[in-house]
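sequence and computational prediction follow.
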2 protein chains.
Amino acid sequence: MFEEKLREFEPIFYPQSIAVIGASATSIKAGSLWVMDLRSAGFPGVIYPVGSSGGRLGDLEILPNLRLVPGEVDYVIVAIPRQSVLELLDDCAAKKVKAVQFFTAGFSETDTQQGRNLEEQMLEKARRANMRIIGPNCIGVYCPEHRIPFLMGILGESGSVGFVSQSGGIATKLVTIGIARHINYSKGVSFGNGIDLDASDFLQYLAADPKTKAIGAYLEGTRDGTRLFNTMKEVARVKPLVVWKGGRTEAGAQAAMSHTGSLASSAAIWSAMLKQAGAIEVHSLEELTDTLLIFQQLGRGRGTRTAIIGGLADGGGGNSVAAGDACMENGLKVPPLSSETKQELSRLLGEVGSIFDNPVDVSQAQFRGLPALYKAVDLVARDTTSDIVLVQEDTEILLPIYSWKGLEEINDFLIELRGRQNKPLIVVLPPGSAEEKRAQIEQKLLAASIPVFCSMERAAKAIYRLNQYSCWQEAG
Amino acid sequence: MFEEKLREFEPIFYPQSIAVIGASATSIKAGSLWVMDLRSAGFPGVIYPVGSSGGRLGDLEILPNLRLVPGEVDYVIVAIPRQSVLELLDDCAAKKVKAVQFFTAGFSETDTQQGRNLEEQMLEKARRANMRIIGPNCIGVYCPEHRIPFLMGILGESGSVGFVSQSGGIATKLVTIGIARHINYSKGVSFGNGIDLDASDFLQYLAADPKTKAIGAYLEGTRDGTRLFNTMKEVARVKPLVVWKGGRTEAGAQAAMSHTGSLASSAAIWSAMLKQAGAIEVHSLEELTDTLLIFQQLGRGRGTRTAIIGGLADGGGGNSVAAGDACMENGLKVPPLSSETKQELSRLLGEVGSIFDNPVDVSQAQFRGLPALYKAVDLVARDTTSDIVLVQEDTEILLPIYSWKGLEEINDFLIELRGRQNKPLIVVLPPGSAEEKRAQIEQKLLAASIPVFCSMERAAKAIYRLNQYSCWQEAG
């Protein structure tokens, strides 16, 4: 599907050469930063800085005009004022550039006739020269595999999640949160006003891209709703497509108008469209990244019957109650454990201060040593009444009881348990007063492909969405 | 209202003497920890450790039996196995103890006839001797003013928020989150199975207590729903009462049964009851603490017309869209700025890359220096179209742009702005890759009575609840 997009987008995500317009040897300009960031990221192609100042940027000569570039130019990044963009597009046409990305802003998002006219003229010039435009008013492309960093030189590991975002700020957040939470991207794009290439085009490309297994999207609006709907329907059939629509309310839509020139349309219409298309709707950055994380780590849903371990030490009682509520209120099933497992747990931990139904509170293990804790968690995980195991691990509570060494052992055990059995294991690490240690544990678990969330609610929502998509996809 | 409770509960929250049953000189037992924690907290009354081992705990002699205590005993903390509690209650009666708190667990929460019988016998003995019971299966009292710490010796500053919690774990979280987020408690109690004093009693006391201005409650169930409803109705009339009911779902209710012996009842019935009583219902620990924080910091609602500053630097566009949605979807109003303010902002920051409607994106100030940023925020804050100002401050984005020194100045400005005007100012500090600096900013703002939240959603929900209560109370 959309295989033709692979060749068409090759110069965008895998350019052999990039020219950066707006570089300067004398003052720090966005264009100069772009050149330096590509350079330090290790971009394998040729980089041509272009700027009227001339001079050098490191070991690269700044050419006064794009037409003076000696070789071919696949891709152009534009960081000059809007007054000069039409002339620049003539230069691009002369150089037979394939695609032009405009960091430059000040077009239809300013809600002026002048801005809209300029966009129309840009589009006309690009069409005539068979060039594609990304933006304007955007950050453009992110492709860790091809060493194309995002704004400010941010570069994470290469992975299997693709994203499209109308907002550069949200796109940047997706990348930085991705680095923190091990969500690794195949490629991504912030396309701003999207006057030429828009969400539909990039979604089609990501659907065809063999490196991309799941797709996230932040959208504020579209100029062609029918095309977007049809695209989403086709994309969602082959890959999970998680969509956060910004501008659902009057205030949000008003901001979206000023932000990317997107026209308001009803939140209800969007929700209905996303549902019909088989896309997964989310409502915030947290939900978007949570959902992408679980798709990346688990691939597909295995069922919603959840065994919950509400606590590994003190405080497991109230947490178990809260966790049971959070899971059920977000669509998961929380079936009782088998009576055999309950009996074994009761023999192991005693009945006082424990909860063995599901949610399970194994906190009494703290008086019987770590082997008892492991045995208890293992019993719960093995129980055939569940499809997935959800463990709440509260660093702040566990640290004084087990010390850091004990806590490391507990996490080693969880990683070993996950490797030993096919049933997915998910860990909730609530924030608290031991943030540094909590972050270390999070990194360790994520690196071992155990999805980590900071609350039961967020974990439950992500698990539910994963399964919802798998069911929908299997039902065909 | 409930003034008689003040005298009745004096020995519970302000005891002159506490005996701790289950202290030991030779092994680390819960009772010994309790003694040491009271000691290091600087409890101003007399402490009597009691334990069969005899010997000493620091400079305190461990008495083998409560009856051997030389002076009067107001309050007894019990940390011995359940087999011995009836005998102990006889000792308490002989010493004319006023109140007995049972840390001891293993009663009705184990769902056995034996457990229930034991509770009945305890209650009978206590009633005959005119003593009150707190628990069993609970942590008991927290009163920073009287230097009574919570479990593990946790002790925060004394303040104006009271809490009652059926769960010790949740109560501990309330205390630790309180310390982290400057939610300062007048007093609190975890009352577990609540066989004698229960939620209603403690709520009545907190309603009468002049030190308490707002009340939070975590409840799993009640033995007397009518009394609880009537109590809540009276309490909510005089003080904001924020209630998190655990065990709303089948799984949660099942865990609540095992946790505190609470019987299930419909979530819908609870919600209706809370609404009728004028209590503010929340659904998680996050919502409970968010709501208590805003009540403590702002006291009462001033209206829901919110001016939103979606970003102080890069990324303000997408954030503004998301913030507008989050505020409106959670009940706030986001009216456009006056045209005068818009014009002044436009003159100050230029039209490209900014949003001046509300949400406002003042990120272009980053190219014009901090005075321009202050002026822009000031213009938004002064605009008479809003009752409250909500600022998103993303540490991870601001730090590389303004450096730590600039960021400190920005926060000094926000604090100065808040002091200068009567309009409440609320800051959203999203988590990210600069957690240590983020935490420092959070502490600084909280200390200056600026409520801080980690997402727009959570801030919006809290603001809405604050105003909802104020409207309800004023209409009353």
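Yep, that arrived. Numbering: from 1, shown residues only, chains lettered A, B, ... in the order given.

what does the stretch 351-476 of chain A have sitting close to chain B?
The stretch 351-476 of chain A comes close to chain B at residues A:351-359, A:361, A:396-397, A:400, A:431-433, A:435, A:439, A:455, A:457, as judged by Cβ under 8 Å from any Cβ of the partner chain. To be clear about C-beta, it is placed using only N, CA and C from the backbone, and glycine gets the same treatment.

so of those residues, which ones are in strands?
Secondary structure from DSSP state E places A:355-356, A:361 of these in strands.

buried among these? Make that a ChimeraX selection.
A single ChimeraX command suffices to select whichever of these are buried according to 16 or more other Cβ atoms under 10 Å in any protein chain shown:
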select /A:355,356,361
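
what parts of the stretch 1-150 of chain A come near chain B?
A:82, A:105-106, A:110, A:112.

quick one: which of those is most hemmed in?
residue A:105 (23 neighbours; other Cβ atoms under 10 Å in any protein chain shown).

quick one: contacts for the residue nearest to residue A:472 when sequence neighbours are not counted?
Nearest residue to residue A:472, sequence neighbours excluded (Cβ to Cβ, 6 or more residues apart in numbering or on different chains): residue A:278, at 5.6 Å. Neighbour list for residue A:278: A:232-233, A:236-237, A:241, A:469, A:472-473 [criterion: Cβ atoms under 8 Å, 6 or more residues apart in numbering or on different chains].

of these, which is the most crowded?
Neighbour max across these (other Cβ under 10 Å) = residue A:241, 29 neighbours.

dig out what it forms beta bridges with.
Residue A:241 has these beta-bridge partners by DSSP bridges: residue A:215.

what kind of secondary structure is residue A:106 in?
Using DSSP: H, G, I helix; E, B strand; the rest coil, the structure places residue A:106 in coil.

typo on my end, residue A:12
Put simply, residue A:12 is helix when judged by three-state DSSP.

shouldn't it be in contact with residue A:148?
No - contact between residue A:12 and residue A:148 fails when scored by Cβ atoms under 8 Å: they sit 9.7 Å apart.

find residues that contact each of these two.
In contact with both residue A:12 and residue A:148: residue A:141, using Cβ under 8 Å, 6+ apart.

just the element for residue A:76, please.
Element membership for residue A:76 (DSSP states H and E) is strand A:75-78.

surely residue A:348 meets residue A:372?
Yes - with contact defined as Cβ under 8 Å, residue A:348 reaches residue A:372; the gap is 6.0 Å.

so which elements touch the top strand by length along chain A?
In chain A, assigned by DSSP E, the strand with the most residues is strand A:158-165. When contacts are defined as 3 or more Cβ pairs under 8 Å, 6 or more residues apart in numbering or on different chains; DSSP states H and E, strand A:158-165 sits against helix A:168-181, strand A:185-190, helix A:199-208, strand A:214-219, helix A:285-298.

what lines up beside that strand in the sheet?
Strand A:158-165 is paired, per DSSP bridges, with strand A:185-190 (parallel), strand A:214-219 (parallel).

ok and the first one relative to helix A:168-181, angle-wise?
It stands for strand A:185-190. 160 degrees (axes from the mean of the first three to the mean of the last three Cα atoms, to 10 degrees).

now strand A:185-190 and helix A:199-208, what's the angle there?
Going by the same axes, to 10 degrees, strand A:185-190 makes 170 degrees with helix A:199-208.

any idea how many residues pack against the closest residue to residue A:79 other than its chain neighbours?
Take residue A:79 and drop its neighbours on the chain: the residue closest to it by Cβ to Cβ, 6+ apart is residue A:22, 3.6 Å away. Neighbours of residue A:22 under the rule other Cβ under 10 Å: 24.

check the one 10 residues further on too.
If you count neighbours by other Cβ under 10 Å, residue A:32 ends up with 23.

where does the stretch 1-150 of chain A get nearest to chain B, residue-wise?
Of all residues in the stretch 1-150 of chain A, residue A:106 sits closest to chain B, at 3.7 Å by Cβ to the nearest Cβ.

I'd say that residue and residue B:353 touch.
Yes - in this structure, residue A:106 is within contact of residue B:353 by Cβ under 8 Å, at 7.3 Å.

rewinding a little: most widely separated two among the residues of the stretch 1-150 of chain A next to chain B?
A:105 and A:112 (12.5 Å; Cβ to Cβ).

with neighbour numbers in mind, choose between residue A:348 and residue A:372.
residue A:348 (19 against 16).

so for that one, what's the pLDDT?
Looking at residue A:348, its pLDDT is 92.

cool, and residue A:454?
At residue A:454, the pLDDT value in this model is 94.

got a list of what it touches?
A:428-431.

so where's chain A uncertain?
A:262-265, A:476 (pLDDT under 70).

can I see the domain layout of chain A?
A:4-134, A:140-298, A:306-475 (automatic domain parsing).

looking at those, which is buried most?
domain A:140-298 (a mean of 22; mean count of other Cβ atoms under 10 Å in any protein chain shown).

chain center to that domain: distance?
How far domain A:140-298 lies from its chain's middle: 8 Å, per Cα atoms, centre = their mean, to the nearest Å.

go on, stretch A:420-434?
On Cα atoms, centre = their mean, the centre of stretch A:420-434 falls 20 Å from that of its chain.

just stretch A:47-59 next, same as before
34 Å.

and that stretch, C-alpha only, in CSV?
Taking C-alpha atoms only, stretch A:47-59 is exported to CSV below (Å, rounded to 0.1, in the frame of the first residue of the first chain):
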residue,chain,number,x,y,z
ILE,A,47,25.7,19.8,3.7
TYR,A,48,25.7,23.2,1.9
PRO,A,49,25.3,26.3,4.1
VAL,A,50,23.9,29.2,2.1
GLY,A,51,23.8,32.8,3.4
SER,A,52,24.5,36.3,2.1
SER,A,53,27.3,36.8,4.6
GLY,A,54,29.6,34.3,2.9
GLY,A,55,32.5,33.1,5.1
ARG,A,56,32.8,29.7,6.8
LEU,A,57,30.9,27.6,9.3
GLY,A,58,33.5,25.2,10.8
ASP,A,59,35.0,23.5,7.8
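
residues in contact with that stretch?
Residues from elsewhere that reach stretch A:47-59, judged by Cβ under 8 Å, 6+ apart: A:17-26, A:29, A:31-32, A:35-36, A:38-39, A:60-66, A:69, A:71, A:73.

what about the residue in chain A sticking out farthest from the centre, distance to chain B?
Here chain A reaches farthest from its C-alpha mean at residue A:347, the gap being 44.5 Å by Cα atoms, centre = their mean. Per Cβ to the nearest Cβ, to the nearest Å, residue A:347 is found 15 Å from chain B.

pretty sure that residue sits in a helix.
Yes - according to three-state DSSP, residue A:347 belongs to a helix.

give me every residue that touches it.
No contacts exist for residue A:347 under Cβ under 8 Å, 6+ apart.

what of residue A:392?
A:308-312, A:316, A:319, A:323, A:427-428, A:430, A:456.

now, these that are in helices?
A:316, A:319, A:323, A:456 (DSSP state H).

ok, back up a step: wait, which of the ones in strands among the residues of the stretch 351-476 of chain A next to chain B is closest to residue A:256?
Nearest to residue A:256 among those, with distances taken as Cβ to Cβ, is residue A:361, at 45.6 Å.

list the contacts of the nearest residue to residue A:318 once chain neighbours are set aside.
In this structure, residue A:318 finds its nearest non-sequential neighbour in residue B:167, 3.0 Å apart by Cβ to Cβ, 6+ apart. Contacts for residue B:167 (Cβ under 8 Å, 6+ apart) come out as A:315, A:317-318, A:321, B:190, B:192, B:218, B:220, B:246, B:259-260.

again, only this time at 6 Å
A:317-318, B:218 (Cβ atoms under 6 Å, 6 or more residues apart in numbering or on different chains).

who's the closest residue to residue A:202 other than its chain neighbours bridged to?
With sequence-adjacent residues excluded and distances taken as Cβ to Cβ, 6+ apart, residue A:202 is closest to residue A:164, at 4.4 Å. Using DSSP bridges, the bridge partners assigned to residue A:164 are residue A:189, residue A:217.

so residue A:164 touches residue A:217, yeah?
Yes - if you go by Cβ atoms under 6 Å, residue A:164 and residue A:217 touch, sitting 4.9 Å apart.
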